[in-house]
Structures are given as structure tokens and as C-alpha cells.
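Peer 1: Here is a sequence together with a model predicted from it:
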Amino acid sequence: MSRTISKAFLLAAGLGTRLRPLTDKIPKCLVPIRGKPLLSIWLGICEQAGITDVLINTHHLAQEVRRWAQEQTGPVRIHLFHEENLLGSAGTIRANRDFVDGDEDFFIFYADNLVRANLKALTAFHFQHSGVLTMALFRAAQPQNCGIVSLDESGWITSFEEKPPRPKSDLANAGIYIARRRLLELIPGGHAVDFGKDVLPKLVGDAKGLLLDGYILDVGTPESYLRAQIDWLERDCPGNERVAQVRPA
């Protein structure tokens with residue numbers, strides 16, 4: 001019998017400043033991809049993965065996220081957490097540790113990435129090791145702009161650097177994690193605690209990485225947002241399926 005993970009943090013409070021003026025009226029997590037809000041795409045991923053409850057943090061244009069959440073009728077229950085002041089990607093997890101009470105394992109997703117991937121392989125890989133974290137990876141065309149890891153032959157992460165000037169590899173953080181509860185004890189206190197800077201470097205030797213079988217694109221710039229519209233149309237056209245491409249976040 002396969003094991004499942006029922007809860008996920010969906011980090012969605014980014015300001016999306018590089019997408020202005022679009023994000024002056026639409027939060028980055030709701031920008032439409034071929035007419036479908038980014039968060040709605042993520043809900044589909046969560047449903048496919050067997051997730052029943054998702055916590056979404058809000059900040060910029062929070063009322064728009066609340067309105068979207070009220071309109072959702074699918075099986076995934078949505079829990080909103082408003083941040084008057086941004087807590088950082090890891091700070092949100094620390095502030096909501098009660099959300100995963102009773103759960104040994106949980107997902108963490110960066111909502112500003114456009115993703116098409118089946119997470120079953122990542123979940124199975126996670127349950128094969130005892131590390132505190134499993135990180136999905138992709139091969140970055142510009143690794144100096146990403147969080148970069150090195151792996152040993154067993155998949156253990158042997159180094160992690162956020163946007164290194166001289167990257168040791170092209171294996172980049174995809175912003176998709178499966179964590180164990182003890183990760184909560186490793187998140188430091190303080191304001192605006194960031195995963196890439198404040199947490200992930202501490203997990204070297206106690207986390208594994210797996211190359212993501214799928215597509216990922218950070219839609220945070222006008223150029224990448226346009227690329228997303230083109231890619232999504234091409235990938236959804238019957239008879240025009242392509243080999244999954246993993247693009248730099």
C-alpha cells in the first residue's frame with residue numbers, strides 16, 4: 001500500500017514587482033496562464049498528488065486571493081493565512097506549524113512557478129530515505145540565478161548555494177519540497193526567514209534531491225510570463241505533446 005501526504009504549504013505572498021503593471025491589480029499567484037489562474041493550476045497539482053488540505057499565505061492584494069478561494073469547489077480544502085508583514089518563505093512555515101500537527105510529512109510549494117509534473121515519483125523517493133527534506137531539482141540554463149545543489153551518488157545533497165557566482169553544478173532548486181516534521185525545529189527565529197538563505201544550507205547531508213520529471217518555469221518576468229502562455233498552449237494541443245522541458249526559475 002502506497003503512502004500519501006495530505007497537507008501542503010503553498011507559498012503565494014510574493015509581490016510580483018517585476019510583472020508590474022499587471023500585478024498592480026492581480027496578485028502574482030493569480031496571474032492567468034491561458035486564462036487559468038496560477039493558483040488554480042496548483043490546486044490541480046495538489047489534487048493529483050492526493051493532498052486534501054493546503055495552506056496559502058497572502059499579503060499583496062489579499063482580498064483577491066480570498067475572493068478566488070471562496071469560488072473554489074474542488075476536493076482540496078483551502079486555509080488562508082494573512083501576513084501583514086511578510087515572514088519569508090521559511091517564516092510562514094514556522095508560524096503555521098500547527099497546520100501540520102499530527103503529520104510526519106508535508107509538501108512545500110513555491111506558487112510563483114508554473115509547473116506540470118507528476119509528484120508520485122518524488123513522494124516515493126522521499127519515503128525511501130530518512131533525511132529531513134526531499135528537494136525537487138531541474139537543470140538550469142543559468143545556474144548563477146538559482147539555488148544550486150551538488151549530489152553524491154546516492155542523491156544526498158552535499159552542497160547548497162543560493163545564486164552562486166561560480167556554480168558547482170546546474171542542478172537547481174525547483175521550489176518543491178517534501179519535509180519531515182523535524183524541519184520545523186531547524187527554522188531559525190527572526191523576521192523574514194528565507195529558505196534559500198537561512199535554512200537549506202543547514203540541511204546539507206540531511207536532505208536528498210531528485211531531478212523533477214516535468215516542466216517548471218518561474219513566471220516572474222514579462223519575458224517568462226509570455227513564454228508561459230506559449231508553452232502552455234503548445235503543450236495542451238492534442239497531437240502536439242512535447243517532451244517535458246524544464247526551464248530556469
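Peer 2: Sure thing, it's come through.
Peer 1: just checking, Leu184 is part of a helix?
Peer 2: Yes - the assignment for Leu184 is a helix, going by DSSP: H, G, I helix; E, B strand; the rest coil.
Peer 1: Check it and give its pLDDT.
Peer 2: At Leu184, the pLDDT value in this model is 95.
Peer 1: ok, now which ones touch it?
Peer 2: Ile93, Arg94, Arg97, Val100 (Cβ atoms under 8 Å, 6 or more residues apart in numbering). Heads up, the C-betas are built off the backbone N, CA and C, glycines and all.
Peer 1: How about Pro222?
Peer 2: Arg18, Leu19.
Peer 1: Now do the same for it: its pLDDT.
Peer 2: pLDDT at Pro222 comes out at 88.
Peer 1: May I ask you to name the longest strand in the protein?
Peer 2: strand 171-180 (DSSP state E).
Peer 1: centre of the chain versus it, how much separation?
Peer 2: 7 Å (Cα atoms, centre = their mean, to the nearest Å).
Peer 1: Am I right that Asn57 is in contact with Asn85?
Peer 2: No - judged on Cβ atoms under 8 Å, Asn57 makes no contact with Asn85 at a distance of 11.7 Å.
Peer 1: the more surrounded of these two?
Peer 2: Asn57 (27 against 8; other Cβ atoms under 10 Å).
Peer 1: Kindly provide the distance from the closest residue to Arg97 other than its chain neighbours to Ser40.
Peer 2: In space, Arg97 comes closest to Leu184 once its chain neighbours are excluded; the distance is 5.0 Å by Cβ to Cβ, 6 or more residues apart in numbering. Taking Cβ to Cβ, to the nearest Å as the measure, Leu184 falls 29 Å from Ser40.
Peer 1: Same check on Gly74?
Peer 2: Using Cβ to Cβ, Gly74 is found at 9 Å from Ser40.
Peer 1: For those two, indicate the residue with more neighbours.
Peer 2: Ser40 (16 against 11).
Peer 1: any idea which element the more buried one lies in?
Peer 2: helix 38-48 (DSSP states H and E).
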